[in-house]
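Asker: here is a sequence with its predicted model. Questions after.
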There are 2 protein chains.
Amino acid sequence: MDPAPDARAFAHHDHAHCAGDGLARAEALVAEKGVRLTPVRRRVLEILLEAHRALGAYDVLQRLAAEGFGNQPPVAYRALDFLVEQGLAHRIRRLNAFTACMHPGTAHAPAFLICRVCDAVAEAPAAPVHAALDDAAAALGFVIERSNIEASGLCPTCRGAAA
Amino acid sequence: MDPAPDARAFAHHDHAHCAGDGLARAEALVAEKGVRLTPVRRRVLEILLEAHRALGAYDVLQRLAAEGFGNQPPVAYRALDFLVEQGLAHRIRRLNAFTACMHPGTAHAPAFLICRVCDAVAEAPAAPVHAALDDAAAALGFVIERSNIEASGLCPTCRGAAA
DNA sequence: TATCGTATGTTATAGCATAACACGTCAAGA
DNA sequence: TCTTGACGTGTTATGCTATAACATACGATA
């Protein structure tokens, strides 16, 4: 069903668990923050979790529309922006796309590894990367508030296939 | 003339030197690589150097058109893509914009610091950042080919103004 | 139940990017 | 010299991405 390799890491895993778990964590998080995981927002998160890869806003919108939600771009963008804001999803600028966060709640600073062949996206642990980046910024007197770290290259699967 | 703070670092400097120098280095580089810095490409680089900040493709196109070059998007995009390819310019995805490279030729792996108030863009030295990122990728068996590191926050000038 | 804040829906438009084809130039080889 | 092919530029047309602005609905609270 999903031809793209695993996006959580580049390895197979229990996908159903992965999606269900993500949703459960999301609900706990929003309850804690006092914000609302409305039907549209919840459904968008589910769509991202189920797709298990980066989806464009219009891909999400198409799925929403097919289920009776609004079919205009702002519907998708607002829900996606909300999820990103709450740390439940990430925006991959290189792909003009969004992906469910695989480690919501834990204060993590993700780096994305994007396979140029299969477009699979993995979140890599990036605490050291951010530490180095903060240092570099501090040296210029710049204070970082948000950052995107995105790398493209070959995932293990596609690298194997190429060889 | 240019209301935005310096983009080379967040400090004043000799801008004329900065642009002329950039162009000279660019010519040396293309000669070395055996590629051609045609009039359009050269002019686009000049435009980026003169603007001294990130410009959208359509901003560049407007300036080109005013000087008698083609006025359709591909003209700008092709020149910009060429410059990025040759390491003479960078694409800032967060801003959907392009900026002249401030250290062409030296094998540098830039990290961009983008002020959310004045949109100034600085290239920060990022060798340690890339080292950390390579480590994180290697741990997942991923091979990085290209990467974008972009941070948004407050530059020293705007931070001072806010306080 | 009146009101306010929040969320959703809708219309319209703005902004970013590329596919595909036509034309011109220049250099290498027949 | 002619031809051929690679490269660069110009153009038409289109597709994708994103947001502004306004209207409607719903729920919590006073």
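Answerer: Cool, the structure landed.
Asker: give me the mean pLDDT for the lengthiest strand in chain A.
Answerer: The longest strand of chain A (DSSP state E) is strand A:143-154. For strand A:143-154, the mean per-residue pLDDT is 94.
Asker: for the lowest-mean-pLDDT helix or strand in chain A, which positions count as buried?
Answerer: Lowest on mean pLDDT, DSSP states H and E among the helices and strands of chain A sits helix A:15-33, with a mean of 84. Neighbour-count burial for helix A:15-33, with 16 or more other CB atoms under 10 Å in any protein chain shown as criterion, is recorded at A:18, A:19, A:22, A:23, A:25, A:26, A:29, A:30. Heads up, the C-betas are built off the backbone N, CA and C, glycines and all.
Asker: okay, the angle between the next helix or strand after that helix and helix A:15-33?
Answerer: Downstream of helix A:15-33, the next assigned helix or strand under DSSP states H and E is helix A:39-51. If you take axes from the mean of the first three to the mean of the last three CA atoms, to 10 degrees, helix A:39-51 sits at 150 degrees to helix A:15-33.
Asker: from the contact counts, what lies against helix A:39-51?
Answerer: In terms of contacts (3 or more CB pairs under 8 Å, 6 or more residues apart in numbering or on different chains; DSSP states H and E), helix A:39-51 is packed against helix A:15-33, helix A:57-66, helix A:73-85, strand A:97-100.
Asker: export the longest one to PDB, keeping only CA atoms.
Answerer: Backbone C-alpha positions of helix A:15-33 (Å, rounded to 0.1, in the frame of the first residue of the first chain) are rendered in PDB as follows:
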ATOM      1  CA  HIS A  15       2.800   0.800  11.400                       C
ATOM      2  CA  ALA A  16      -0.600   0.400  13.000                       C
ATOM      3  CA  HIS A  17       0.900   0.800  16.400                       C
ATOM      4  CA  CYS A  18       2.900   3.800  15.100                       C
ATOM      5  CA  ALA A  19      -0.200   5.600  14.000                       C
ATOM      6  CA  GLY A  20      -2.400   4.700  17.000                       C
ATOM      7  CA  ASP A  21       0.400   5.700  19.300                       C
ATOM      8  CA  GLY A  22       0.900   9.000  17.600                       C
ATOM      9  CA  LEU A  23      -2.800   9.900  18.000                       C
ATOM     10  CA  ALA A  24      -2.800   8.900  21.600                       C
ATOM     11  CA  ARG A  25       0.200  11.000  22.400                       C
ATOM     12  CA  ALA A  26      -1.400  13.900  20.500                       C
ATOM     13  CA  GLU A  27      -4.500  13.800  22.600                       C
ATOM     14  CA  ALA A  28      -2.600  13.700  25.800                       C
ATOM     15  CA  LEU A  29      -0.600  16.700  24.600                       C
ATOM     16  CA  VAL A  30      -3.500  18.900  23.600                       C
ATOM     17  CA  ALA A  31      -5.300  18.100  26.800                       C
ATOM     18  CA  GLU A  32      -2.200  19.200  28.700                       C
ATOM     19  CA  LYS A  33      -1.900  22.500  26.700                       C
END
